[in-house]
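**Q** Dropping a prediction and its sequence here:
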Amino acid sequence: VKCDFVLIGVLASSERKYTAQKKRFLVWKLHDLEGASITVFLFDEADDKHRYETGGSVWAILNPKVIRSSSEAGSAAFSVTQAQKLLRIGMSRDFGVCKAIRKDGQSCKNVINLEYGEYCEYHVHAEYKKMLKTPRLELHGASCAPIRNPMNGSFIDTRRFPTGSDPTRMCVGGSIGMSF
């Protein structure tokens, strides 16, 4: 009994590569925006039709060929040769790239879920560790981290709370002030 399966993910990156025989192909990184990613190689017709796709688009891929699979996280790889096996579903509103600057001065390239903030987990933890090293957090502006309203993108004033609300729930991660 043959079973169909579908991969669904957000296109994080698309890179043009060439084989030793000068045959071109694409390498796509698909993310679930929760930390997991897979690699999909597009050859032949699939490469020709989808070579201009951009990051943030959501894709469904029907029955891709499994190239390698391992129990290690992030090591799965698949290939597709037929364009009709790829379906662009739409654009992800939560896809983003970390806004932090790395130590070498370059922009961080980690994929993030904008629902959780504008920085990747690595840079949030690094800033948190830096804040813990300061002797008095209250002197460095660390109170409640700014919280964005998901409906309109504005900041919520955490100093004012509706009657009956719990102000401690408005503080993200305790008392951390982020300054990237």
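**A** Right, received. Where do you want to start?
**Q** The closest residue to R68 other than its chain neighbours bridge partners, please.
**A** Among residues not flanking R68 along the chain, A77 sits closest, at 4.9 Å (CB to CB, 6 or more residues apart in numbering). All C-beta atoms are positioned from the backbone trio N, CA, C, and that covers glycine. Beta-bridge partners recorded for A77 (DSSP bridges): T39, R68.
**Q** and A77, what does it touch?
**A** I38, T39, V40, F41, V66, I67, R68, S69 (CB atoms under 8 Å, 6 or more residues apart in numbering).
**Q** what's the burial count for the first one?
**A** The local packing of I38 (other CB atoms under 10 Å) involves 19 other residues.
**Q** pLDDT score for it?
**A** In this model, I38 is scored at 90, pLDDT.
**Q** now it: how far from G90?
**A** 19 Å (CB to CB, to the nearest Å).
**Q** The fifth one too?
**A** Between V66 and G90 the distance is 26 Å, computed by CB to CB.
**Q** Could you turn the buried ones of the contacts of A77 into a ChimeraX selection?
**A** This is the ChimeraX syntax for the buried subset of these, where burial follows 16 or more other CB atoms under 10 Å:
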select :38,39,40,41
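**Q** gap between the two ends of stretch 17-31?
**A** 20 Å (CA to CA, to the nearest Å).
**Q** Residues in contact with that stretch: which ones?
**A** Looking at what lies outside stretch 17-31 - CB under 8 Å, 6+ apart - the contacts are 7, 9-16, 37-43, 46-47, 50-51, 53, 59, 95, 111.
**Q** what do you get for stretch 3-12?
**A** By CB under 8 Å, 6+ apart, stretch 3-12 touches 28-33, 37-38, 40, 53-64, 78, 89, 92, 95, 111.
**Q** residues of that stretch that come out buried?
**A** L7, G9, V10, L11, A12.
**Q** Next: stretch 54-68.
**A** For stretch 54-68, burial by neighbour count (16+ other CB under 10 Å) applies to G55, G56, S57, V58, W59, I61, P64.
**Q** Tell me which entries of those lie within helices.
**A** Assigned to helices by DSSP state H, none of these qualify.
**Q** and which of those residues is nearest to R102?
**A** The shortest approach to R102 among these belongs to G55, at 18.8 Å (CB to CB).
**Q** Figure out how far the strand with the most length in the chain is from the centre of its chain.
**A** Secondary structure of the chain per DSSP state E: the longest strand is strand 6-18. Distance, stretch centre to chain centre, for strand 6-18: 13 Å (CA atoms, centre = their mean, to the nearest Å).
**Q** Many thanks, have a good one.
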